[in-house]
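>>> One predicted model, sequence on top.
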Amino acid sequence: MSSTFEVQELGRVVGGRREPTDDYWGGTQAIIRLDGNLFPAEATKGLEEFSHLEVLFRFHLTDPTDLNPGARRPRDNPQWPEVGIFGHRNMRRLNWLGSSRCRLIKVDGLDLHVQDLDAVDGTPVLDVKPWFAEFGPRGATHQPEWVTEMLGNYFAPHASS
């Protein structure tokens with residue numbers, strides 16, 4: 001059942017945070033610099049009409065030996081329940097892939113100026129898509145209380161923002 005495939009990075013995150021941390025990503029500004037050897041300037045035509053992007057990236061700073069495909073407590077907090085790998089959104093994933101929705105501030109050729117992207121300087125970007133509201137959740141959403149508690153400061157402003 002297992003197969004592998006290759007992906008090519010489309011660009012890199014430039015600027016913003018240098019170290020991955022659990023909280024205070026609010027207000028973080030960075031640039032997604034798309035590779036000019038892969039894309040012409042018109043690759044971003046029309047993108048400025050959107051307020052948000054969905055970005056897929058690789059957790060390139062994660063220690064590959066720090067993978068637990070089973071259950072563990074989020075942030076190793078003994079107050080929260082053990083949850084399997086698919087009940088987390090952390091960087092310890094088999095394919096080391098992250099996804100984030102961020103605000104698009106400006107398009108400058110192949111430079112996408114963004115805010116609230118929770119990927120650090122130098123992160124390989126694998127895909128960028130405009131956020132379509134119609135692709136958001138349909139129907140009511142719900143989540144465990146520990147998630148709300150854990151992420152209370154995730155997008156709070158950083159002291160230096």
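Alright, I've got the coordinates. Numbering: from 1, shown residues only.
>>> quick one, helices of the chain?
For the chain, applying DSSP state H gives helices covering 145-150.
>>> most residues in a single strand of it, which one?
strand 97-108 (DSSP state E).
>>> partners of that one, with directions?
strand 52-58 (antiparallel), strand 111-115 (antiparallel) (DSSP bridges).
>>> can you list contacts of it?
29, 44, 47-48, 50-59, 91, 112-119, 126, 130-131 (CB atoms under 8 Å, 6 or more residues apart in numbering). Where you see a C-beta, it was placed from the backbone N, CA and C, and this is true even at glycine.
>>> Weed out the non-buried ones from those.
Buried by 16 or more other CB atoms under 10 Å: 29, 44, 52-53, 55-59, 91, 112-119, 126, 131, out of the contacts of strand 97-108.
>>> returning to that earlier point: chain center to the longest strand of the chain, what's the gap?
8 Å (CA atoms, centre = their mean, to the nearest Å).
>>> Render the CA-only coordinates of it in PDB, please.
As requested, the backbone C-alpha atoms of strand 97-108 are provided in PDB (Å, rounded to 0.1, in the frame of the first residue of the first chain):
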ATOM      1  CA  LEU A  97       4.000  18.600   5.600                       C
ATOM      2  CA  GLY A  98       2.300  21.700   7.000                       C
ATOM      3  CA  SER A  99      -0.700  23.700   5.800                       C
ATOM      4  CA  SER A 100      -1.600  27.200   6.800                       C
ATOM      5  CA  ARG A 101      -4.100  29.900   5.800                       C
ATOM      6  CA  CYS A 102      -2.700  33.400   5.800                       C
ATOM      7  CA  ARG A 103      -3.700  36.900   4.800                       C
ATOM      8  CA  LEU A 104      -2.400  38.100   1.500                       C
ATOM      9  CA  ILE A 105      -1.100  41.600   1.900                       C
ATOM     10  CA  LYS A 106       0.400  42.400  -1.500                       C
ATOM     11  CA  VAL A 107       1.500  40.700  -4.700                       C
ATOM     12  CA  ASP A 108       4.700  42.000  -6.100                       C
END
